[in-house]
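Undergrad: model this:
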Amino acid sequence: ESVAEAREAALAADDELEDKERKLEEAMQMLSMKEEELRFASEHALSESQKSSQEEEILKEMEQLMGEKILAEEALEAEKEERKQSEDELRRLMGEEQRELIQ
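TA: Prediction:
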């Protein structure tokens, strides 16, 4: 029974890890889009005040996205570590179960 619970926990951790990876990928895509917007805005001849205002807004958005990216990466690393621990525990339980079956 404990092996089944550990397997369920490992599967749940897998699902959560995939979700975190997807969110990280989305954050990275948004960051890439904002970088492109910044490049595009800086290449076009806007009045200095408009250009400055747009650049500031884009920079703020980029800072926010970078913060989200960092948080997502940290969460992803935590999920990976949790998954590794779940897998290690599952291996340990399976090893114990095998030893019990042999005896």
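Undergrad: going by C-alpha atoms from here, please, whenever you check contacts or count neighbours.
TA: OK.
Undergrad: chain center to stretch 55-65: distance?
TA: Put simply, stretch 55-65 sits 20 Å off its chain's centre (C-alpha atoms, centre = their mean, to the nearest Å).
Undergrad: repeat for stretch 89-103
TA: Centre-to-centre, stretch 89-103 and its host chain are 33 Å apart (C-alpha atoms, centre = their mean).
Undergrad: in that stretch, what's buried?
TA: For stretch 89-103, the neighbour count (16 or more other C-alpha atoms under 10 Å) marks 89, 90, 93, 94 as buried.
Undergrad: in helices, which of the residues you listed fall?
TA: Those of these mapping onto helices are 89, 90, 93, 94, per DSSP state H.
Undergrad: could you check how far the second one is from residue 28?
TA: Counting by C-alpha to C-alpha, to the nearest Å, the separation of residue 90 from residue 28 is 33 Å.
Undergrad: how about the helices in this protein?
TA: Under DSSP H, the chain gives helices at 2-43, 48-102.
Undergrad: now these as TSV including mean pLDDT?
TA: Compiled in TSV, these are given as follows (pLDDT from 0 to 100):
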stretch	mean pLDDT
helix 2-43	85
helix 48-102	85
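Undergrad: which ones are touching residue 88?
TA: Listed by C-alpha atoms under 8 Å, 6 or more residues apart in numbering, residue 88 has no contact partners.
Undergrad: before we move on, the earlier item: so which two of the ones in helices among the buried residues of stretch 89-103 are the farthest from each other?
TA: The span of these, defined through C-alpha to C-alpha, is set by 89 and 94 at 8.5 Å.
Undergrad: tell me who's in contact with residue 13.
TA: 79, 82, 83.
Undergrad: try it again with 6 Å
TA: residue 83 (C-alpha atoms under 6 Å, 6 or more residues apart in numbering).
Undergrad: any figure for the gap between it and residue 87?
TA: Counting by C-alpha to C-alpha, the gap from residue 13 to residue 87 is 10 Å.
Undergrad: who touches stretch 66-81?
TA: 17, 20, 24, 27.
Undergrad: run a quick neighbour tally on the nearest residue to the last one once chain neighbours are set aside.
TA: Think residue 27. Nearest residue to residue 27 in three dimensions, chain neighbours excluded: residue 69, at 5.7 Å (C-alpha to C-alpha, 6 or more residues apart in numbering). As a burial measure, residue 69 scores 20 neighbours (other C-alpha atoms under 10 Å).
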